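Participant: Fold the following, please.
(2 chains)
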Amino acid sequence: MKTKFSSIEEILDQLPELPDQLAGIQETLIANLIMLSEIPAPTFEEAARIKLQLQRMVECGLHNVSTDEAGNGVGIIRGKNPKRNILLVAHADSVYSEKADHTLSVRADEIIGPGVSDNSLGMAVLATLPSMLETLGIEFDANLILLGSTKGLGRGNLDGLRFFMENNRLPFDAGICIEGAQLGRLSYTAQGMFRGLISCKLPEELAWQRVGENSAIIALNDVINRILEIPVPRRPKTSIVLGAIRGGKSYNIMATQSSLRFEVRSDSAEIVEEIQKRINDIIADIASVYNADIHFEIVSSREPGGIDIGHPLVKSCRSVMEKLGLEPNISPSMSEVSELIGRGLPAVTLGITEASNLHDLDETIRIKPIYTGLAQLIAMLFAIDGGFCNEPE
Amino acid sequence: MNLNDWIKNNTIHHSQFWDIKKLVEEKEKQGLKISLCLPTLNEEKTIGKEIVMFKSELMDRYPLIDEIAVIDSGSSDSTREIASTFGADVYLSADILPQYGEKKGKGENLWKAVYELTGDIIVYVDADIKNIHPRFAYGLVAPLIYRPEVHYVKAFYDRPLAFSQGVRPSGGGRVTEILTRPLFSLFFPDLTGLIQPLSGEYAVRREVLEAIPFPIGYGVETSHLIDVYKKWGMEAIAQVDLDQRVHRNQETRDLGKMAFGILRAFLFRAEKLGVIGKLPELNTLLRQFQAKDETFEQVCYEIVEEERPPMIELPEYRKKFGIK
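Facilitator: This is a model prediction of the structure:
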């Protein structure tokens, strides 16, 4: 296939044939997906999955295959110009503990199993990319830096990617974060965000006479009610999501412990900060009323930011998606792309296929759209490699 | 070779064969062709994954396996469609050697595979394995490639999730431990060296497969072991530890049917070899009970353990493989 282009239009012209050409890689991709996905990789315990990713890279003859102190897995597909680099990132961790049955089920048109979309498919694409490029006879000018990043989710707080970005010395033209789903996803901005954990503890000595007055659940309930009273502006777009609550032991036992996990997002860093202060005040107030030990912990946080919708990288993504018949679904992201953007690196997150039952044990991805997702990725690599995604000097 | 020596020399862990590249080089040096056979009956949940895994790792990445064939007993689900989608050669058992009729049973599919497949080695892998991995095929094929005296390699699985002491009980499933092992202990003590004689995964040289008869049902594994042992000796048999295998658990009632079939096949084999005297005519009905309110009723299953002759006796086979 043609691998040198003088304009983005030339890349787009070649796009419709790409999904069919990529179908030949099906078995390799699915086998990588199965093997990677069936290795449990809860956040902070990604080592075994990263080891397999590196093994695959070594088998493909990649250079500089290594892990770093954060446990990230990195491999380099050498380009012709050693000074140019494009970063491809897929987070290696998943939300499932190693006790969950990680077995995948492969049907004729879909694959089912925990974490198959988020983000085993992203990892499998990284592991398969060298074979894919070899099959298609593609050699880029820039080096492709393939990074399986660790400690991305929840308390991980993108620590793996942060470590890599702080400690590597490579200059990057651009970054692409690969997620299993959804195909058509285009994220190039990050909202300001923090994730909080409020833990409430009451002394064990509780009297029946005081039922209803004193319980960790009642105290937390008051906290929640007060959080819901915080005014949330529509612009800048802001939201408070109460994600999960836990508390108590059984029907007839007074609750001495409870907890709330929640997330605050906003396009404005000031509003995020203001909400955080108000939650601190609420907690101090409720703690004194209930004589409770209420602890508020910020589990992870992000600064808002992003590249402009008119940035050539974003424009190229939209053109590629439209050529492939995809409706770009533009949404801000809290994930890896926010870390790259925050460091001034033009970056986007792309989804590879259609998925459903996300974050359930029967998370499901569709096989056929994967080839459109891969065609999109390769077209974007051509676009970045060809210099069509750079901002004018 | 005494039994302890056999266990020591012929029991191997699959990790010894991790270097698949080297294995492929050795296979090519010997000019061997290897076929993978997956016998199926309604395995739509697991078949796709098995084929993808074997094709990608042991055909595309390392050309160890030359053909992957699904021999199906007439699945009513989408087993054949899925298998074909992922690139396996799919055969309906009834369409192979149709002049010999169609019999129902896994052994029938294994026997027909000997005719249909062209490999010098055939590796059989059950299609219901949830945690499929390339080791299920290369681990079994490797001893045949590296050791010319080995003709028949059987899988066993031994990887306890947790065990506190150095010694732990190890062995086969329920039918193995309460039927097959006691029978082997009584009549063929050497065969007790096999840790899981009934496992459905094994790799065998063609010259062995074509020379032995195939019971069509549950007795095929037991019968094969006895035949290989009698004809080629224990030296020809090896067993490979493939770690853990996750598959469907069977109801005790179904295991009863399995035990009945194995027992029939075993008795016929023992009679034929003169190990026991002449048998009376054996009943083909297995009788089990079920309770309905206060009444108990018998449920009867007819289990006929028929046998297919050694493939080499078929003129069609001799013609196809150029045997005079």
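
Participant: which ones are touching whichever residue of the stretch 51-200 of chain A sits closest to chain B?
Facilitator: Proximity to chain B, evaluated over the stretch 51-200 of chain A using Cβ to the nearest Cβ, is greatest for residue A:106 at 3.7 Å. To be clear about C-beta, it is placed using only N, CA and C from the backbone, and glycine gets the same treatment. Applying Cβ atoms under 8 Å, 6 or more residues apart in numbering or on different chains, we find residue A:106 in contact with A:30, A:34, B:48-49, B:52, B:82, B:86.

Participant: tell me the domain ranges of chain A?
Facilitator: Taking automatic domain parsing as the criterion, chain A consists of the domains A:8-190+A:304-385, A:192-302.

Participant: Pick out the most distant pair among the contacts of residue A:106.
Facilitator: The span of those, defined through Cβ to Cβ, is set by A:34 and B:82 at 14.6 Å.

Participant: so how many other residues sit close to residue 244?
Facilitator: Using chain A. Counted by other Cβ atoms under 10 Å in any protein chain shown, the residues lying close to residue A:244 total 9.

Participant: looking at chain B here, not the other one
Facilitator: By the measure other Cβ under 10 Å, the count of residues near residue B:244 is 12.

Participant: pretty sure it contacts residue B:157?
Facilitator: Yes. With contact defined as Cβ atoms under 8 Å, residue B:244 counts as touching residue B:157 (5.8 Å).

Participant: how about the closest residue to chain B within the stretch 251-393 of chain A, phi and psi?
Facilitator: Nearest residue of the stretch 251-393 of chain A to chain B, counting by Cβ to the nearest Cβ: residue A:367, 9.1 Å away. Backbone torsions of residue A:367, given as degrees, to the nearest 10, read phi -80, psi -50.

Participant: quick one, what contacts it?
Facilitator: Residues near residue A:367 by Cβ under 8 Å, 6+ apart: A:26, A:30, A:108-111, A:353.

Participant: at 7 Å what do you get?
Facilitator: For residue A:367, the contacting residues are A:109-111, by Cβ atoms under 7 Å, 6 or more residues apart in numbering or on different chains.

Participant: could I get the contacts of residue A:106 as CSV with distance to residue A:339 and pLDDT?
Facilitator: Shown next, in CSV, are the contacts of residue A:106 (distance: Cβ to Cβ, whole Å; pLDDT from 0 to 100):
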residue, distance to residue A:339, pLDDT
A:30, 30, 95
A:34, 29, 95
B:48, 37, 93
B:49, 34, 93
B:52, 34, 94
B:82, 40, 93
B:86, 38, 91
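
Participant: any weak-confidence spans in chain B?
Facilitator: Along chain B, the model assigns pLDDT under 70 to residues B:159-172, B:247-248.

Participant: what about the residue nearest the centre of it, which SS state?
Facilitator: Geometric centre of chain B, nearest residue: residue B:200, 3.7 Å, by Cα atoms, centre = their mean. Following DSSP: H, G, I helix; E, B strand; the rest coil, residue B:200 is assigned to coil.

Participant: In this structure it contacts residue B:126, no?
Facilitator: Yes. Between residue B:200 and residue B:126 there is a contact under Cβ atoms under 7 Å: 3.7 Å.

Participant: which strands and helices sit next to the strand or helix carrying residue B:82?
Facilitator: Assigned by DSSP states H and E, residue B:82 belongs to helix B:79-85. When contacts are defined as 3 or more Cβ pairs under 7 Å, 6 or more residues apart in numbering or on different chains; DSSP states H and E, helix B:79-85 packs onto helix B:47-55, strand B:67-72, strand B:89-92.

Participant: thinking again about what came up before, out of the contacts of residue A:367, who has the most neighbours?
Facilitator: Counting neighbours by other Cβ under 10 Å, residue A:111 leads the contacts of residue A:367 with 27 neighbours.

Participant: For that residue, which non-adjacent residue is closest in space?
Facilitator: Excluding the flanking residues, the one nearest residue A:111 by Cβ to Cβ, 6 or more residues apart in numbering or on different chains is residue A:365, at 5.3 Å.

Participant: if I pick that neighbour, what's in contact with it?
Facilitator: Contact analysis of residue A:365 by Cβ under 7 Å, 6+ apart lists A:110-111, A:116-117, A:121, A:180-181, A:353, A:355.

Participant: Then residue A:143?
Facilitator: Listed by Cβ under 7 Å, 6+ apart, the contact partners of residue A:143 are A:76-79, A:82, A:84-85.

Participant: May I ask which of those residues comes out lowest in pLDDT?
Facilitator: Looking at those by pLDDT, the weakest one is residue A:82, with 90.

Participant: From residue A:137, how far off is that residue?
Facilitator: As defined by Cβ to Cβ, to the nearest Å, residue A:82 lies at a distance of 21 Å from residue A:137.

Participant: Likewise for residue B:239?
Facilitator: Distance from residue B:239 to residue A:137, by Cβ to Cβ: 45 Å.

Participant: what do you get for residue B:211?
Facilitator: Distance, residue B:211 to residue A:137, using Cβ to Cβ: 48 Å.

Participant: So between those two, which is more surrounded?
Facilitator: The neighbour count for residue B:211 versus residue A:137, taken as other Cβ under 10 Å, is higher for residue B:211 (16 against 9).

Participant: For the more buried one, grab phi and psi.
Facilitator: Main-chain dihedrals, residue B:211, degrees, to the nearest 10: phi -100, psi 0.

Participant: Kindly format the C-alpha coordinates of stretch A:81-101 as CSV.
Facilitator: Listed next in CSV are the C-alpha coordinates belonging to stretch A:81-101 (Å, rounded to 0.1, in the frame of the first residue of the first chain):
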residue,chain,number,x,y,z
ASN,A,81,14.0,9.7,11.4
PRO,A,82,15.4,9.0,14.9
LYS,A,83,14.6,12.5,16.0
ARG,A,84,10.8,12.3,15.6
ASN,A,85,8.5,10.3,18.0
ILE,A,86,4.8,9.7,18.2
LEU,A,87,3.5,8.4,21.5
LEU,A,88,0.8,5.7,21.7
VAL,A,89,-0.6,4.9,25.1
ALA,A,90,-3.0,2.3,26.4
HIS,A,91,-3.5,1.9,30.1
ALA,A,92,-2.8,-1.6,31.3
ASP,A,93,-4.9,-1.7,34.5
SER,A,94,-8.5,-2.7,34.9
VAL,A,95,-11.1,-2.3,37.6
TYR,A,96,-11.4,-6.0,38.3
SER,A,97,-9.7,-7.8,41.2
GLU,A,98,-7.7,-10.9,40.5
LYS,A,99,-10.5,-12.9,42.1
ALA,A,100,-12.9,-12.1,39.2
ASP,A,101,-13.1,-14.8,36.5
